[in-house]
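Enquirer: How does the following fold in three dimensions:
(one chain, ligands or ions: 1)
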Amino acid sequence: MKPTQNDRYWWADRIAYQIYPRSFRDANGDGTGDLKGITEKLDYLRDLGVGLLWLSPVYRSPMDDGGYDISDYRDIDPLFGSMADMDELLREANKRDIRVLMDLVINHCSDEHPLFQKALAEPGCEEEGFFYFRRTSDGNPPNNWRSMFGGSAWERTADGRWYLHLFSKKQPDLNWENPTLRAKLYDMIRFWLDKGLGGFRIDAIVHIKKQPGLPSGPRNEPDGMVDCFPYARNIPGIGDFLTELREQTFDRYQCVTIAEAAGVPNRQLADYIGPNGYFSTMFDFSYAEPYSYGHGWHTCKNPGEWSFRCWRDALYASQLETQKVGYGAVFTENHDYPRAIQKFVPEKDHAPEVQKMLGIFYFFLRGMPFIYQGQELGMTNPGFTSIDRINDISTKNHYRVALADGLEPAEAMRLVARYSRDNARVPFPWDDSENGGFSPAGSAEPWLPVHPDYRTVNAAAELADPDSVLAFYKKMVALRKSERLFVDGTFAPVLKRYDKLVAYTRTGADGRRAAVICSFSDRARTVKLPFAVGKVLLASHGEVALSHCPDGDVLTLKPYQGVVLEG
Ligand code: GLC
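Expert: Residues are numbered from 1 along each chain as shown. I've put the predicted structure just below:
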């Protein structure tokens, strides 16, 4: 697969950036980020080199799950502004050659959506068939599936019916088996594409097909429930829905679609991406999350000490398999995870140069790199100490389940500080003024607390510092854009015998090659390279200690040093 301009892969040489709109920039001073705030900051994004902008949801929503619970797909929530603000953002972004992607949330909607309200009010009406409503005779839920946010995946209605929600109870699952519902969704998607969107990031799409009959499963935790994944993720038959979705919508436009597609086995990658895939590309979570939580964060099977080698094997496998069929989307952070540094590096070693190394290791992988807001500043977790400061529905659920299982509040809070999605959702620090310049002076208090480090870690300070993490991200962007091999060169892992090392080559069609070598160790170490190095293209920090030998060069890496070499 050779991505070239003006074809199915027009987006592949772009740098993508994710905005969590509630936390990016508050232009009207109500303490919440908004669309006008994003428009204000487009030059910042252009200067960073961004060519695709993914906005987490800005549709009308009761905000139970930060906007991933939509009550009107064709309107903008007043919290974020108006449709005119959205049109202005699109116009201004296009002027800067930044294509805007919206978040497409079509596995579920909000329980406040008029279709669900009608289904609630009138049992037996057509709209009831747009959801999964069931009745049981024994007063128990129809099956024992566990919701991804904790607790049963079923909620009882006032009149004794049950409805399915794989996420929060305010997010009823849409019934894709219903053709009328599907037609409504396609129509809505075309409405947005007609506005000139660049495309969509597609939320939770692997869940739209449920195992027929919605069977219970053997309980896998003391709560008597079972993970819903085997019954509601990537279930056979999903391809029929996804093919129809593509044909009815995306295929008719020059848009890019990036699926949130967890749990797709490698052998099915070609169904999802590539020339015949349902989507342009996808996020592969096989290397994103080394944890397995059980029924709550407190039952996490491998906290902290997850195996570096297992994680790296998953990363390499993902790269190798993806390049056989198409082009990937690579990331280390998003709005659903704590900041990446916490996963990889003990707190005592958190430092800007380590953030730079973490930037290098993923930025030159094969795939379109996504930067999550604040990552380019080297933001860390803010260190939440009180559950009262948390907004995220999934964090609150996990906290409650932990207390119900007998954990002390302080212990449960330590888990919150570690795993909460709000870690990455605190306001973006623009400068060192009050509230980090997130809102204009004298505004309402931000909806989440500002990061305690905002006086030093902020955009203005980093723009002025040539050695900042932000300045380094700009160097990475420039390097990726300067060499076509970083876009379409072949990926091959090297130096696999070394632990705590991510090392790979990218080889262009003309045989030119670059090597990326990143040490995740807190000690200096020497590695023997299987090739001779031309020159050093980029280093996270310090001098690069290379000695030339006839059978390959020797590289001495400083703790947490990352380098890009021509070789
Ligand atoms: C996706 C989103 C997440 C959301 C969930 C339910 O995983 O990334 O933020 O909570 O879907 O919509």
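
Enquirer: C-alpha from now on. contacts and neighbour counts both.
Expert: Will do.

Enquirer: okay, now the residue of the stretch 251-400 of the chain found nearest the ligand: neighbour count?
Expert: Closest residue of the stretch 251-400 of the chain to the ligand, Cα to the nearest ligand atom: D336 (5.4 Å). By other Cα atoms under 10 Å, the residues close to D336 number 15.

Enquirer: how about the helices in the stretch 51-200 of the chain?
Expert: Using DSSP state H, counting those that start in this stretch, the helices of the stretch 51-200 of the chain run over residues 83-95, 114-121, 179-194.

Enquirer: Identify whichever of these lies nearest to G359.
Expert: Closest approach to G359 among those is made by helix 83-95 (25.1 Å; Cα to Cα).

Enquirer: quick one: average pLDDT of that closest one?
Expert: The average pLDDT within helix 83-95 is 98.

Enquirer: Could you do stretch 393-408 as well?
Expert: Here the average pLDDT along stretch 393-408 is 93.

Enquirer: If we go by neighbour counts, what in it is buried?
Expert: If you call a residue buried by 16 or more other Cα atoms under 10 Å, then stretch 393-408 has these buried ones: I393, S394, T395, K396, N397, H398, Y399, R400, V401, A402, L403.

Enquirer: just stretch 67-85 next, same as before
Expert: Across stretch 67-85, burial judged by 16+ other Cα under 10 Å covers 67-73, 75-77, 79-83, 85.

Enquirer: and what of stretch 202-216?
Expert: Taking 16+ other Cα under 10 Å as the criterion, stretch 202-216 shows I202, D203, A204, I205, V206, H207, I208, K209, K210 as buried.

Enquirer: quick one, phi/psi of the fifth one?
Expert: In this case it means V206. Backbone torsions for V206, taken as degrees, to the nearest 10, come to phi -70, psi 0.

Enquirer: list the contacts for it?
Expert: The contact partners of V206, by Cα atoms under 8 Å, 6 or more residues apart in numbering, come to A232, R233, N234, I238, E260, A261, A262.

Enquirer: among those residues, who's most crowded?
Expert: When neighbours are counted by other Cα under 10 Å, N234 leads the contacts of V206 with 23 neighbours.

Enquirer: State the distance from the residue lying closest to that one once chain neighbours are set aside to D13.
Expert: In this structure, N234 finds its nearest non-sequential neighbour in V206, 5.0 Å apart by Cα to Cα, 6 or more residues apart in numbering. To D13, V206 is 26 Å away according to Cα to Cα, to the nearest Å.

Enquirer: Specify the local secondary structure of T556.
Expert: Secondary structure, DSSP: H, G, I helix; E, B strand; the rest coil: T556 is strand.

Enquirer: My guess is G562 contacts F363. True?
Expert: No - in this structure, G562 is not within contact of F363 by Cα atoms under 8 Å, at 11.5 Å.

Enquirer: Contact residues of this structure facing the ligand?
Expert: Neighbours of the ligand within the chain, by Cα under 6 Å from any ligand atom: D65, Y68, F167, D203, A204, D336.

Enquirer: List the contacts of the residue nearest the centre of the chain.
Expert: In the chain, the centroid-proximal residue (Cα atoms, centre = their mean) is N334; its distance is 3.7 Å. Contacts for N334 (Cα under 8 Å, 6+ apart) come out as Q18, Y372, A424.

Enquirer: what's the helix or strand for T243?
Expert: Here T243, judged by DSSP states H and E, is contained in helix 238-248.

Enquirer: buried ones in that helix?
Expert: Applying 16+ other Cα under 10 Å to helix 238-248 flags I238, G239, F241, L242, T243, L245, R246, Q248 as buried.

Enquirer: on contacts alone, who are the packing partners of it?
Expert: For helix 238-248, there is no helix or strand it packs on, judged by 3 or more Cα pairs under 8 Å, 6 or more residues apart in numbering; DSSP states H and E.

Enquirer: Just the C-alphas of that helix, formatted as CSV.
Expert: What follows is helix 238-248, C-alpha atoms only, in CSV (Å, rounded to 0.1, in the frame of the first residue of the first chain):
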residue,chain,number,x,y,z
ILE,A,238,-21.3,-6.5,12.1
GLY,A,239,-19.7,-6.4,8.6
ASP,A,240,-23.1,-6.1,6.9
PHE,A,241,-23.9,-3.0,9.0
LEU,A,242,-20.5,-1.4,8.4
THR,A,243,-20.6,-2.1,4.7
GLU,A,244,-24.0,-0.5,4.4
LEU,A,245,-22.9,2.5,6.5
ARG,A,246,-19.9,3.1,4.3
GLU,A,247,-21.9,2.8,1.1
GLN,A,248,-24.7,5.0,2.2
